[in-house]
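Student: Just a sequence and a predicted model for now, questions to come.
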Amino acid sequence: MSLTRRSLALAGIAGLGGLAACSPRSTGGATVLNAVDVHPADYPTVAAVKWMGEELGRLTGGRIGIRQFPAGQLGTEDDSIGLTRFQAVDICRVAVAALNNAFPETRLLALPYVYRSVQHVRAVVDGAIGDELLNVFEGRGLVGLAYYDAAPRSFYNVRHPVTEPGQMRGLKMRAPQSDIFLDSIRAMGANPTPLTFGAVFSSLQTHLIDGAENNWPSYQSSRQFEVARYWSETEHSFSPDALLMSKASLERLSKADQDLVRDVARRSVPIMREAWDKREAEARATVLAAGVQVAQVDREAFAATVRPVLDKYLSEPRLRALHERIAAVA
């Protein structure tokens, strides 16, 4: 993964604003960890990291805390990864799709139609496989703290209802900047257009794209449902989010504090999931009340279109073996 000019510029701006690359920041004897997220302040991932900060403060008598920068204040998810790797910030929450190209093992979390349900993906990330997939980041300046829910993901568009893959043909669909998502959308018959999350609403408005794919909370909180009124229940991806920390920032803490941060991050997962389940139900109710049309789809037909994509990414024996272990998780 390369650090972009934008990330470098943001790191410079962060340094001028007090987030210099000497993290964690010490203020009056307290250590303040800076955390970034592109989602708004009331989003479940942001709420979970807020809980982490409060819990760390409680357990350390205020000696460790977290300062948050939500709503994309410090750039895109790619920017967040770069800023965290290079210690301009300490913690970031990003979609796994943003990590797929740099960390191939995470592709097992993003491939289409690998997981049967939310319960299946939770069982995977909560177990031994999830531990393995948290350990892939440390060779490149990051530490995996936890995986948060971000699924299921489905398609929506401004044109017409979609119930089978043939109706995707010719649609320009936003894709996260991940080869897996680009290949999957292309295999389903649409034309993938890589865009950052923040650019989707205006691109739908101006018809630069015809649609996108995401989960219910992101579809609602971004107001994309106001312009893309046709939701298709493909549930093609159960890709989670990753909560990451700068390896250098973590290692500047004492061993006991490192263990505490890791433990509190793990314990934030059920906090996030409770908020996520509630938010997902509320988001769905909101967009349905606004008149969005929800179409049930032929999932078997959609899954058939992407089998060549799975074969491509699972051609490496190590990833295929991991895929087989994922399929065997109850």
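Tutor: Noted; the coordinates are in hand.
Student: which secondary structure element contains Pro192?
Tutor: Here Pro192, judged by DSSP states H and E, is contained in strand 191-194.
Student: centre of the chain versus the helix or strand just after that strand, how much separation?
Tutor: Next in sequence after strand 191-194, counting helices and strands by DSSP H and E, comes helix 200-205. Counting by CA atoms, centre = their mean, to the nearest Å, helix 200-205 is centred 20 Å from the centre of its parent chain.
Student: and the strand holding Pro192, what does it pack onto?
Tutor: strand 172-175, helix 179-187 (3 or more CB pairs under 8 Å, 6 or more residues apart in numbering; DSSP states H and E). Using the backbone N, CA and C atoms, a C-beta is placed for each residue, glycine as well.
Student: just so I know, which of the ones you listed lies nearest Gly166?
Tutor: Set against Gly166 and scored by CB to CB, the helices and strands packed on strand 191-194 come closest in helix 179-187, at 13.0 Å.
Student: Now that closest one - C-alpha only, PDB.
Tutor: Output in PDB follows, covering the C-alpha atoms of helix 179-187 (Å, rounded to 0.1, in the frame of the first residue of the first chain):
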ATOM      1  CA  ASP A 179     -10.400  -5.300  -7.200                       C
ATOM      2  CA  ILE A 180     -12.800  -7.800  -5.800                       C
ATOM      3  CA  PHE A 181     -15.700  -5.500  -5.900                       C
ATOM      4  CA  LEU A 182     -14.800  -4.200  -9.400                       C
ATOM      5  CA  ASP A 183     -14.500  -7.800 -10.700                       C
ATOM      6  CA  SER A 184     -17.700  -8.900  -8.900                       C
ATOM      7  CA  ILE A 185     -19.900  -6.000 -10.300                       C
ATOM      8  CA  ARG A 186     -18.500  -6.600 -13.800                       C
ATOM      9  CA  ALA A 187     -19.300 -10.300 -13.500                       C
END
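Student: quick one: average confidence on it?
Tutor: Taken as a whole, helix 179-187 has a mean pLDDT of 97.
Student: helices or strands up against that helix?
Tutor: The contact analysis (3+ CB pairs under 8 Å, 6+ apart) places helix 179-187 against helix 107-110, strand 172-175, strand 191-194, strand 230-237, helix 307-313.
Student: how does it look with 7 Å?
Tutor: Here helix 179-187 touches strand 172-175, strand 191-194, helix 307-313, going by 3 or more CB pairs under 7 Å, 6 or more residues apart in numbering; DSSP states H and E.
Student: so which of those comes closest to Trp276?
Tutor: Nearest to Trp276 among the helices and strands packed on helix 179-187 is strand 172-175 (22.2 Å), distances taken as CB to CB.
Student: how close does Ser202 get to Ala256?
Tutor: According to CB to CB, to the nearest Å, Ser202 and Ala256 sit 47 Å apart.
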